[in-house]
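Student: Here is my input, please return the structure:
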Amino acid sequence: MNTTPSFPPGFLWGTATSSYQIEGAANEDGRGRSIWDDFCRYKDAITDGSDGSVACDHYHRYREDVALMKQLGLKAYRFSIAWPRILPEGRGAINPKGIAFYDRLVDELLAANIRPFVTLYHWDLPSALNAQGGWTTRDSAAWFADYATVVVRALGDRVKDWITLNEPWCSAYLGYEFGMHAPGYQNKALAARAAHNLLLAHALGMQAIRAAADAETRVGITLNFEPRLPASDSEEDRQAAEQEFDWMYEGFAEPILTGAYGQRMLDRLAGADIRAGDMAMIAARNDFIGVNYYSAVHIRAGRGAVYDDDPEFTLMGWAVRPHGLHAILTKLHRATHGRTPIYVTENGASFTDMVTDGRVHDVRRVAYLRAHFAAAQRAIQDGVDLRGYFVWSLLDNFEWALGYQQFFGIVHVDYTTQKRTIKDSGYYLRDVIAANAVVEPSA
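Tutor: Numbers count the residues shown, from 1 in each chain. Next up is the predicted model:
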């Protein structure tokens, strides 16, 4: 089996999921409602009319799913806590059955020698808090910090790796400006307020986690990136790409890393409630930065974004551009002067899969993963302090507004029977983990 140079010793290979996408049990054991429960009831909000009320039934099948992780040799598992399962009203009374579920899950992972990597917020805001303004009110940052304290006090004796927020860009803009995600609003001013308040929640959340946890605890944030890259080696394309507005980077990574918004973001954030002292808190030290990467944008001078140079697109319609992963990893490395470790907290691809004779031969996903693993390897060789890589996703699942029509899992899920089938991509990941290197796919 041919391999490239090994990843660093102790490199953390894992997969990732989120609570609303896999757990199900939406009305069980005291769980409150979330904005996604509400959003799924809106006419035409979800393309196939579905919801996450059952999803992958992970709430009842978590032991089976952890056994799959162990079979694949995973070193870590990134999952999220459902805020309304812990605090049904978002604040106040704690639901002990909700805590108990995550207690059991964490213990199951540790028994399998799998390191839990916990995301506190992956988009399922309690409905009761949305009724009080949700992320558009500054109070939301304190609500989040209080929730973080509850969870860390319950699990922090065993969980040492914490992510405050997953992709706040999506929460703010897809949720409040474009109406594509919960809560489904279309108001630019509300989105601006939400964007800043989410960063403030991250800052207060880090403070709360560190106050409730021990010295071994590490805390960071996961941001989504879609870097703007030149479509060619020409100086004109390079300059055009540098001048392009990179909303995701400038809106979230830049203030976290520098303590300031650039002028283009200040223009977009007009009306946000930005107060003295906010930016210093937002720029507090992160123990790591999580990178969610799926594609990049090629910029050509005089034309802007171009897609006529790509040989392949995923089922989501995203161009397959592994070099973009190398680009964002090296950019963050330079921006942090190499002082902040990085994890790839999500990377993967949706393709149409078929179960044939009990197997799923997802050749395109295997090729996608191999190319992106190689890009990560190149970044490490270029000096990037990359500590781990979480493939999205462990399971086919509820893909938000696209329902059950996208397939990111390295494990196929038959939603009628809940039968799990490891795909060839899952076995490929197993081989990569075993070798701790980019290996050639098995014939």
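Student: show me where the stretch 151-300 of the chain has strands.
Tutor: For the stretch 151-300 of the chain, applying DSSP state E, counting those that start in this stretch gives strands covering 161-166, 218-225, 228-230, 288-293, 297-300.
Student: who's in contact with Pro88?
Tutor: Contacts for Pro88 (C-beta atoms under 8 Å, 6 or more residues apart in numbering) come out as Gly30, Arg31, Gly32, Asn95, Gly98, Pro126, Ala128. C-beta coordinates here come from the backbone N, C-alpha and C atoms, glycine included.
Student: Which among the residues you listed count as buried?
Tutor: Arg31, Gly32, Asn95, Gly98, Pro126, Ala128 (16 or more other C-beta atoms under 10 Å).
Student: so of the residues you listed, which ones are in helices?
Tutor: Gly98, Ala128 (DSSP state H).
Student: on that earlier part again, would a markdown table of the contacts of Pro88 with distance to Trp162 and pLDDT be doable?
Tutor: A markdown table is the format used below for the contacts of Pro88 (distance: C-beta to C-beta, whole Å; pLDDT from 0 to 100):
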| residue | distance to Trp162 | pLDDT |
| --- | --- | --- |
| Gly30 | 24 | 98 |
| Arg31 | 21 | 98 |
| Gly32 | 22 | 98 |
| Asn95 | 20 | 98 |
| Gly98 | 17 | 98 |
| Pro126 | 19 | 99 |
| Ala128 | 24 | 98 |
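Student: And those residues, which two are furthest apart?
Tutor: The most widely separated members of those, counting by C-beta to C-beta, are Gly98 and Ala128 (14.6 Å).
Student: Looking at Asp308 now. What's its pLDDT?
Tutor: On the pLDDT scale, Asp308 is placed at 85.
Student: Same check on Thr3?
Tutor: 54.
Student: ok, now the one 3 residues further on?
Tutor: Per-residue pLDDT puts Ser6 at 94.
Student: Go through the strands of the stretch 151-300 of the chain and name the closest to Val438.
Tutor: Closest among the strands of the stretch 151-300 of the chain, using C-beta to C-beta: strand 288-293, at 16.6 Å.
Student: which of the buried ones among the contacts of Pro88 lies closest to Glu226?
Tutor: Closest approach to Glu226 among those (C-beta to C-beta): Pro126, at 29.2 Å.
Student: From what I see, that closest one and Ala82 are in contact.
Tutor: No: counting by C-beta atoms under 8 Å, no contact exists between Pro126 and Ala82, whose distance comes to 9.2 Å.
Student: hey, what's in contact with both of these two?
Tutor: In contact with both Pro126 and Ala82: Ser34, using C-beta under 8 Å, 6+ apart.
Student: Can you list the buried residues in stretch 243-250?
Tutor: Glu244, Asp246, Met248, Tyr249, Glu250.
Student: The second one touches Leu229, doesn't it?
Tutor: To tie it back to what came earlier, the one meant is Asp246. No: using C-beta under 8 Å as the test, Asp246 is too far from Leu229 to be in contact (10.2 Å).
Student: which residues does Ile299 contact?
Tutor: Neighbours of Ile299 in contact, by C-beta under 8 Å, 6+ apart: Arg228, Leu229, Pro230, Ala231, Asp237, Ala240, Ala241, Glu244, Ala305, Val306.
Student: I'd like the distance between the closest residue to it other than its chain neighbours and Gly317.
Tutor: Spatially, and ignoring its direct neighbours in sequence, Ile299 is nearest to Ala241 (4.1 Å; C-beta to C-beta, 6 or more residues apart in numbering). Going from Ala241 to Gly317 by C-beta to C-beta, to the nearest Å gives 21 Å.
Student: Show me which of the two is the more surrounded one.
Tutor: Shown here are Ala241 and Gly317; by other C-beta atoms under 10 Å, Ala241 has more neighbours (22 against 9).
Student: In this structure that one contacts Asp233, no?
Tutor: No: using C-beta under 8 Å, Ala241 is not in contact with Asp233; the gap is 11.4 Å.
Student: per-residue pLDDT, Gly271?
Tutor: 89.
Student: For it, give me the backbone phi and psi.
Tutor: Phi and psi for Gly271, reported as degrees, to the nearest 10, are phi 100, psi -10.
Student: Isn't it up against Ala192?
Tutor: Yes: with contact defined as C-beta under 8 Å, Gly271 counts as touching Ala192 (5.3 Å).
Student: Which residue of those two possesses the greater neighbour count?
Tutor: When Gly271 and Ala192 are compared for neighbours, Ala192 comes out ahead with 24 against 13, by other C-beta under 10 Å.
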